[in-house]
Structures are given as structure tokens and as C-alpha cells.
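*Asks:* how would this look folded up:
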Amino acid sequence: MGKTLKLTPIGVIHSSYTDPADIHPLRSRFTKGTIEIFQEYTKGLKDIEGFSHIYVLWHFHLSERVDLLTSPLMELKPKRGTFATRTPHRPNHIGLTVVRLVKRSKNILHVKGVDMVEGTPVLDIKPYTRRDRRSHIRLGWLEEVERRER
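*Replies:* Numbers count the residues shown, from 1 in each chain. Okay, the predicted model is just below:
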């Protein structure tokens, strides 16, 4: 513990969202945006356009606090453990989103499923592959929330 990591952004998100409060987990799957990869990392995009989806690892740069117990947007009570939610108020403020890769234009990735605000630093991208798909998953406390919403 106590070891410091240094992360360097490889790009930035361009999104219609300017306020994190405007992002809703269900509606954002339809939100279009772009990922601008900085010029020095553009070579790393070679062959990315062959994938339909990519993981985007990003920094919750507007989050300034850490809450180990939190009230998720979809269910305010009881409080849940941070690691059982997608809250931005995490110890390392790292976000993970799977987006649909619509197209690539040089160093710009056009994507759908954006749940980040304009200017969000991108830490890494990775292709989403068959081995990432899981068919038999448990959703923990979200299963009850989904049952009530039906």
C-alpha cells in the first residue's frame, strides 16, 4: 500500500454531457460522442476499426471525494458498497464503459454509449471480444431493482 501510480491520458472524450448529473445509466447507451486520441498514440489505433465495441477506461476527473458506502442512482436506500456500484466517488476515480465503435476517422473514434462528460481524460482503450461475453451472470442487488421496474 502507499505505492503511487502515474497514469497519462491517451485522449479525451467529446460528449454532449457537460454536467455529470445529466448522465442516466439507461439513456446514455444511445448517446453518441467521440474519443479524440492524442497524436502521439494514433499508431496504437491500427486495426481498431475491425471491432464493433471497445472498452474505454477513463478518469472521473470531476470527482473529488471517496465514499465507500453510496446511494446508487437507481436505488437510494439502502446504501451499497462502492465496489458493488458504478459511483464516481471511488478510491482511484477510474471509470470503465463499453461503447459501440461506429467508425474511425484518423485519431477520432466515433462511438455510441457515452456516459462521460465533455473533456473526460481517456486512460486506455481495449477491444471487446467474444471472451468478454458472459451469458450466465448474477446482478446482485440490481436484480431486485430490475424486477420492480418491469
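*Asks:* is it true that Pro72 touches His89?
*Replies:* No. Shown here, Pro72 and His89 do not form a contact pair, counting by Cβ atoms under 8 Å, at 11.3 Å. Every C-beta, even on glycine, is put in place using the N, C-alpha and C of the backbone.
*Asks:* neighbour count winner among the two?
*Replies:* Per other Cβ atoms under 10 Å, whichever of Pro72 and His89 has more neighbours is Pro72, with 18 against 15.
*Asks:* Check which helix or strand that one maps to.
*Replies:* Here Pro72, judged by DSSP states H and E, is contained in no helix and no strand.
*Asks:* and the lengthiest strand in the chain, what does it pack onto?
*Replies:* Longest strand in the chain, counting residues (DSSP state E): strand 94-105. Using 3 or more Cβ pairs under 8 Å, 6 or more residues apart in numbering; DSSP states H and E, the elements in contact with strand 94-105 are strand 53-59, strand 108-112.
*Asks:* now those in CSV, with mean neighbour count and distance to Asp132?
*Replies:* As requested, these are exported to CSV (neighbours: other Cβ atoms under 10 Å; distance: least, Cβ to Cβ, whole Å):
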stretch, mean neighbour count, distance to Asp132
strand 53-59, 19, 8
strand 108-112, 20, 17
